[in-house]
Every structure is written in C-alpha cells, then in structure tokens.
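Colleague: Following is a predicted model, sequence given first.
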Amino acid sequence: MKNLIQSVLLLAMLMSTTGAEEFIYYAQVGEKVTLKPPGVHPQKYVYWYFNGRDLAWRNTMGKTWTSQEPRWKDRLSLLSDDSLIINNLEQEDFTTIFKFEVYGGPSEYTYKLLKLTVSMNSPSPLLPGDSLSLSCNAVTQGPNNLKIHWLNPQGVKMRPEQLHARATSQDNGQWTCVVTNARQTHVANVFVTVIDLSPAPLSPQYTSKSRPLTVPCSLPPYISWDQIKAKGMQEVHWQFIPEPGSSPQRLFSLSLEDPLTWKPELTRGLRLVQDPTKINLSLTRDQGSEEDRGDYVCTLEFKNVALTRTVHVKVLQITSSPGTELISGQQLNLTCSLGHPLPSDLRLKWFPPKKSSLSSSSLGSGGHPTHLTIPEVGRGDGGKWRCELWQNDTRLTSAEITLKIEPKLSVWMLVVICSVTVIVILILILVFILYQHRQRKMRHLGRRLCQCKTPKPKGFYRT
C-alpha cells in the first residue's frame with residue numbers, strides 16, 4: 001500500500017512537471033559527488049531517481065530512504081538540504097541520468113555525470129631535469145564551453161603549454177586540474193613525485209665549544225632508497241670546505257652495495273645521526289669546535305644529475321686576553337665573535353658571573369658589544385662568562401669561558417716571602433759550610449793516625 005501511494009505521488013509529480021533544468025557535474029572514478037538541488041523544500045516530498053527508478057526520498061515528516069540495490073547499497077546519503085551524496089563513483093555511474101523532483105513543485109532537475117581524467121604521462125618518480133607531462137581530459141556534451149587550467153603545488157595558475165616542461169624540485173607535490181563550466185567548478189588532483197634532497201636551511205647553522213653541532217641533510221619521507229636506486233644512483237657523499245676557494249675534503253661516502261654502509265674518510269670527529277637505511281643523512285657531534293667553521297656539502301649523484309645541499313656552519317667563540325688565569329688588578333679583554341663582523345640582524349648578549357663588577361644591566365639596552373674591557377679585574381670577575389647570539393627573539397647559540405682570578409700580592413706578603421727565601425738560603429749556606437768543615441776535619445784526623453807504615457804495638461820489649 002505504501003509503495004502504491006509513493007507511485008501515485010511520483011506519477012502526479014511527473015504529470016505536473018512543466019519543464020526540466022539540467023545540471024552537469026564532472027567527477028573521477030572512485031571519487032564522491034554531491035548533487036545539490038537549487039532552493040529549499042521544507043515539509044515537502046522530495047524524490048531522487050535514475051532512469052525512472054527510485055533512488056532516494058524524504059517525506060514531510062523528515063523520514064528518509066535510500067536504495068538498497070546491490071549497485072547502490074552503502075553508497076548513497078541524503079542530506080538535510082536534500083543533496084544526494086554518491087560515494088565511490090563507478091564507471092557505470094557516468095552513463096546515468098539522475099533526476100530530482102519536489103512533489104507539487106514547478107519543475108524537475110536533471111543531473112548528468114561526465115567523466116574527468118587526470119594523469120601524469122611521465123614515469124614516476126622524476127629527477128630534476130626529467131620531462132614532466134600532465135594531462136586533464138573532460139568528456140564534453142553539446143557545445144564545448146569548458147575552461148580548463150592547472151594549479152601547481154604552490155597554487156600558481158599554469159597555462160596548458162607549460163605542462164610539458166623539465167621537472168624541478170618545485171614541481172613536487174599535488175597538481176590540481178580545474179574544470180569550469182557555466183554553473184560548476186570541479187577540481188581533480190594528481191601527485192607528482194620529484195626526487196630531491198630536503199631544502200637546506202636558509203640561515204647558517206651556529207655552534208660553539210659549549211654547544212653540539214648538527215649539519216642537516218635528508219630525503220623527503222615519501223622517497224625510498226629503492227626508488228633512488230631504480231633511478232640509477234651512483235654515489236652519496238659528504239664534503240667539507242673550510243673556506244671559500246679551498247679544496248673540498250671528503251668526509252663520508254655511502255657504499256651502494258647491500259647492506260648500505262657509510263665509509264668514513266676524513267671524519268673530523270663527526271658521525272652520522274642515523275644508520276644508512278634511514279632517510280636522514282645528517283652529521284653531528286656532541287660538542288662544536290673552532291675548526292667546524294665552513295661549508296658542508298651533501299651530494300646524491302646520478303648518471304646525468306647531481307643533487308646537492310650546502311650547509312653553512314659558523315662558530316661563536318670567546319677569547320680572553322691575556323688569558324684565562326689572571327691576577328687581581330690586571331686588565332681583561334674579552335671578545336665574542338663569529339670571526340667576522342656581525343650582520344645587522346644579529347646581536348650579542350653577555351652574561352658575566354653574578355659577583356662581577358660588570359653586570360648585564362650596565363651594558364645598556366642598545367645592544368651588547370663584541371668586545372669588553374675591564375681595566376682592573378677583581379675576585380668577583382672570576383667564574384663562568386657566557387655570550388649568546390640572538391636573531392630577533394631567537395637564540396641561535398651560546399659560548400662560555402671560565403676565568404680564574406688570583407689575589408694581588410701585598411707589600412707585607414712580598415716582605416714575608418723575601419724573608420722566608422733569605423732564611424732558607426742562609427740555612428742552606430750554613431749546612432754547606434758545616435758539611436765542608438766536617439769533611440776537612442775527618443781528612444786531618446786520618447793523616448795524624450797513619451804517620452808510619454808499621455807502627456809497633458804498645459808493651460815491654462827486651463833490649
């Protein structure tokens with residue numbers, strides 16, 4: 001009885017229809033599409049059907065129903081605004097004409113699904129310099145009033161002729177094909193993978209003798225060693241350039257044989273952060289050194305291209321003149337620098353010992369100088385001095401130095417020291433004289449007792 005009533009209502013709707021308005025939707029196989037009817041239809045019977053068969057409906061009480069046929073089961077949803085969601089689109093859905101009707105409404109609405117296909121015509125993944133070719137095809141019906149353009153991974157609109165070009169690292173990511181007709185805009189995405197090293201830091205890496213050092217280099221997480229090997233990788237290595245124009249020093253080389261192993265050459269005390277099966281190729285050491293200053297070059301070599309990343313390392317250093325052990329009253333000169341004048345966007349902060357005659361507040365708010373001078377150091381200036389390097393509100397690194405300040409010798413202390421020294425010298429001289437006198441006495445006694453070769457013993461003798 002219920003189905004009979006619904007059929008009668010549907011027949012009445014069809015008979016009262018004065019015209020049909022058509023909507024065209026573009027979608028891809030496997031996607032979901034939302035067919036949205038115009039206007040709002042509260043407390044009315046609404047129907048969705050395809051090829052004359054019921055697909056979904058909602059009655060005036062708000063109750064909804066969707067088809068449970070094998071083709072549509074678990075793929076349909078009817079929203080409160082009467083929009084119909086079709087999940088996991090199949091090839092057959094693009095030959096179906098959907099209709100939406102409101103009981104007693106002035107018209108019916110027809111929906112057609114047209115297939116959209118996007119693809120990358122180049123073998124994935126790509127290396128920088130490889131040919132990149134993308135295509136976006138939309139099925140047309142009637143007059144071709146479609147407008148198609150691409151958005152690159154940075155969201156920049158690209159002209160069609162730019163989609164056949166040499167790949168760069170900037171091409172890695174999601175490309176979007178945008179299809180626009182008179183009423184609807186649809187987007188379709190394709191992911192382009194370009195093998196490259198992760199970007200090097202925009203600013204240098206800073207360290208000091210008081211801080212650890214990490215030189216970053218890695219592969220993106222979506223790249224595997226198998227993909228890299230399949231593209232003909234020949235070598236992976238680290239090099240160090242102490243200063244511009246100097247010869248590179250080979251630090252590590254990666255053996256491409258299974259298992260992957262790093263071959264150390266001139267390590268400079270550095271080590272790899274992870275084992276070679278990981279995508280992290282970074283170098284590290286627990287404590288920085290003055291000799292760490294320079295450029296570190298991470299390289300992946302292929303047959304026709306070499307992927308490199310250069311990391312600049314700068315070392316913050318504190319030097320003390322005349323040294324780290326001073327006597328109270330001496331002049332102290334402290335210098336904190338990177339070995340060259342600081343750029344305008346960097347500044348220093350000094351942190352003297354708590355009892356120092358020079359406090360952080362006395363340095364002023366205009367910035368802490370590179371060079372500090374204390375005309376006469378005191379006992380309170382001994383201890384740990386810290387210098388920090390800042391860029392805006394970010395602390396880049398810090399360096400430390402420990403000073404030892406001995407007390408100044410007074411006149412009384414000098415008199416005592418001199419007196420003790422004189423007494424010790426006099427005692428040594430006296431001991432030497434006594435020793436010499438005793439030696440002479442022993443030699444004189446020996447001569448008196450031995451004046452004849454065969455002395456006669458004491459006693460009475462016959463004459």
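Modeller: Nice, I can see it.

Colleague: Can you list the residue ranges for strands in the stretch 301-450 of the chain?
Modeller: 306-321, 325-327, 332-337, 346-351, 371-374, 383-391, 394-406 (DSSP state E, counting those that start in this stretch).

Colleague: Mean neighbour count for the ones you listed - can I get that in TSV?
Modeller: Heads up, the C-betas are built off the backbone N, CA and C, glycines and all. As requested, those are exported to TSV (neighbours: other Cβ atoms under 10 Å):
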stretch	mean neighbour count
strand 306-321	18
strand 325-327	14
strand 332-337	19
strand 346-351	18
strand 371-374	15
strand 383-391	18
strand 394-406	16
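
Colleague: right, and these - which one's nearest Thr176?
Modeller: Closest to Thr176 of the strands of the stretch 301-450 of the chain is strand 306-321 (Cβ to Cβ; 26.4 Å).

Colleague: What segments of the stretch 201-350 of the chain are helices?
Modeller: For the stretch 201-350 of the chain, helices defined by DSSP state H, counting those that start in this stretch occupy the ranges 225-230.

Colleague: shaky segments in it?
Modeller: Nowhere does the stretch 201-350 of the chain drop to pLDDT under 70.

Colleague: Swap in 80 and give it another go.
Modeller: The stretch 201-350 of the chain contains residues with pLDDT under 80 at 255-259, 275-277.

Colleague: Domain parsing of this protein, as residue ranges.
Modeller: By the assignment in automatic domain parsing, the chain contains the domains 2-115, 121-192, 205-314, 322-406.

Colleague: Show me how far the longest one is from its chain's centre.
Modeller: The reference is to domain 2-115. How far domain 2-115 lies from its chain's middle: 50 Å, per Cα atoms, centre = their mean, to the nearest Å.

Colleague: Likewise for the second one?
Modeller: Between the mean C-alpha location of domain 121-192 and the chain-wide mean there is a distance of 30 Å, by Cα atoms, centre = their mean.

Colleague: Which of the domains of the chain sits closest to Ile429?
Modeller: domain 322-406 (31.8 Å).

Colleague: Arg440 and Phe432: what is the separation?
Modeller: Separation of Arg440 from Phe432 (Cβ to Cβ, to the nearest Å): 13 Å.

Colleague: do the same with Gly288
Modeller: With Cβ to Cβ as the criterion, Gly288 and Phe432 are 57 Å apart.

Colleague: So between these two, which is more surrounded?
Modeller: Remark: of Gly288 and Phe432, Gly288 carries more neighbours, 25 against 10, as counted by other Cβ atoms under 10 Å.

Colleague: what sits against the residue nearest to Val102 when sequence neighbours are not counted?
Modeller: Spatial nearest neighbour of Val102, excluding adjacent residues (Cβ to Cβ, 6 or more residues apart in numbering): His41 at 4.9 Å. Contacts here follow Cβ atoms under 8 Å, 6 or more residues apart in numbering; on that basis His41 touches 82, 102, 105.

Colleague: Would you convert the strands of the stretch 301-450 of the chain into JSON lines that also reports distance to Val215?
Modeller: Shown next, in JSON lines, are these (distance: least, Cβ to Cβ, whole Å):
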{"stretch": "strand 306-321", "distance to Val215": "5"}
{"stretch": "strand 325-327", "distance to Val215": "34"}
{"stretch": "strand 332-337", "distance to Val215": "21"}
{"stretch": "strand 346-351", "distance to Val215": "20"}
{"stretch": "strand 371-374", "distance to Val215": "30"}
{"stretch": "strand 383-391", "distance to Val215": "18"}
{"stretch": "strand 394-406", "distance to Val215": "14"}
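
Colleague: Can you say which of those strands is nearest to Gln91?
Modeller: Of all the strands of the stretch 301-450 of the chain, it is strand 306-321 that lies closest to Gln91, at 40.7 Å by Cβ to Cβ.

Colleague: Does the closest one pack against any helices or strands, and if so which?
Modeller: Packing partners of strand 306-321 (3 or more Cβ pairs under 8 Å, 6 or more residues apart in numbering; DSSP states H and E): strand 205-208, strand 213-215, strand 294-301, strand 332-337, strand 383-391, strand 394-406.

Colleague: From Ile405, how far off is the closest residue to Cys387 other than its chain neighbours?
Modeller: Distances taken as Cβ to Cβ, 6+ apart place Cys336 nearest to Cys387, at 3.6 Å, with adjacent residues excluded. Cys336 is 19 Å from Ile405, where distance means Cβ to Cβ.

Colleague: Out of the helices and strands packed on strand 306-321, which gets nearest to Ser119?
Modeller: Closest to Ser119 of the helices and strands packed on strand 306-321 is strand 294-301 (Cβ to Cβ; 28.0 Å).

Colleague: List the buried residues in the closest one.
Modeller: With burial defined by 16 or more other Cβ atoms under 10 Å, the residues of strand 294-301 counted as buried are 294-300.

Colleague: quick one on the thing from earlier: got the helices and strands packed on strand 306-321 as JSON lines, with distance to Glu90 columns?
Modeller: As requested, the helices and strands packed on strand 306-321 are exported to JSON lines (distance: least, Cβ to Cβ, whole Å):
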{"stretch": "strand 205-208", "distance to Glu90": "53"}
{"stretch": "strand 213-215", "distance to Glu90": "51"}
{"stretch": "strand 294-301", "distance to Glu90": "43"}
{"stretch": "strand 332-337", "distance to Glu90": "69"}
{"stretch": "strand 383-391", "distance to Glu90": "56"}
{"stretch": "strand 394-406", "distance to Glu90": "54"}
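
Colleague: Trp48: which of these is closest?
Modeller: With Cβ to Cβ as the criterion, Trp48 lies closest to strand 294-301 of the helices and strands packed on strand 306-321, at 54.8 Å.

Colleague: List the strands paired with the closest one, with their directions.
Modeller: Take DSSP bridges as the rule and strand 294-301 pairs in its sheet with strand 235-241 (antiparallel), strand 306-321 (antiparallel).

Colleague: Could you dump these into TSV and include distance to Leu151?
Modeller: Compiled in TSV, the strands paired with strand 294-301 are given as follows (distance: least, Cβ to Cβ, whole Å):
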stretch	distance to Leu151
strand 235-241	34
strand 306-321	26
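
Colleague: Arg58 is nearest to which of these?
Modeller: The closest of these to Arg58 is strand 306-321. By Cβ to Cβ, the value is 57.8 Å.
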